[in-house]
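J.: Make a model of this:
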Amino acid sequence: MAGDVRKQGADDGSGISVPLEHNSPVQDHQMNSSSVHSPKPRRAKWLIALTATAVLGGVAYVVMRITRALDEGPQERTMARSKAMSEIGWKLPENASDQECTSLTDLAARTLSGTFRMPRAAARPWLAALPGDRGNPTNGAGPDGVAESKDGLTFIVRNPPGRPQPDAVQVEVRWEGQETAAVTFQTFDY
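T.: The predicted structure is shown next:
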């Protein structure tokens, strides 16, 4: 038989060779299947398949959301004025009226903007009390960071304390007669 490894028999002069060690095909299959198909490698294969499916599913979901956001473009939504102010980290003046606030959200940033009216005499003290970094005040701003002109007030704050934190908030106050001020605010993400 070609390929068999044989061993010379005993020195009895018979000249008969016997195989070294030879298993039957059934014994070979049993030995191979028991070492290859143990429960541990089977569990590992399922775990790898499950992990790969979860990762690929997560990636597909993120790609789908990004594609959808790019297709739809920026989304503008009306929001409660108190929620907009709390996201900036500020409080709306107690005597504010005629409030409108919107949120403009796109893939990379979110902008809040709104308007309201308040008593003219309360506008500057309210602005001066707002938290945030006044590091680069607008032209003509006083020590409180508020710039005053004949038409109203301008105020820019960087890094207000809100969450999620916008990079800056700009507030414009326009006088509407001797008693009323119209306030407009907008957040910026750079």
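
J.: hey, where'd the helices end up in this structure?
T.: 25-36, 39-72, 81-88, 120-129 (DSSP state H).

J.: What average pLDDT does the third one get?
T.: Pointing back at helix 81-88 there. For helix 81-88, the mean pLDDT works out to 77.

J.: which other helices and strands contact it?
T.: strand 97-105, strand 110-119 (3 or more Cβ pairs under 8 Å, 6 or more residues apart in numbering; DSSP states H and E). Glycine gets a C-beta too; all of them are placed from N, C-alpha and C.

J.: re the thing from before, with mean neighbour count and distance to D98 as added columns, please give the helices of the chain in TSV.
T.: Below are those laid out as TSV (neighbours: other Cβ atoms under 10 Å; distance: least, Cβ to Cβ, whole Å):
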stretch	mean neighbour count	distance to D98
helix 25-36	10	77
helix 39-72	10	30
helix 81-88	18	10
helix 120-129	17	14
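
J.: Wait, W126 touches M118, no?
T.: Yes. W126 is in contact with M118 according to Cβ atoms under 8 Å; the separation is 7.1 Å.

J.: overlap in contacts of those two?
T.: P93 (Cβ atoms under 8 Å, 6 or more residues apart in numbering).
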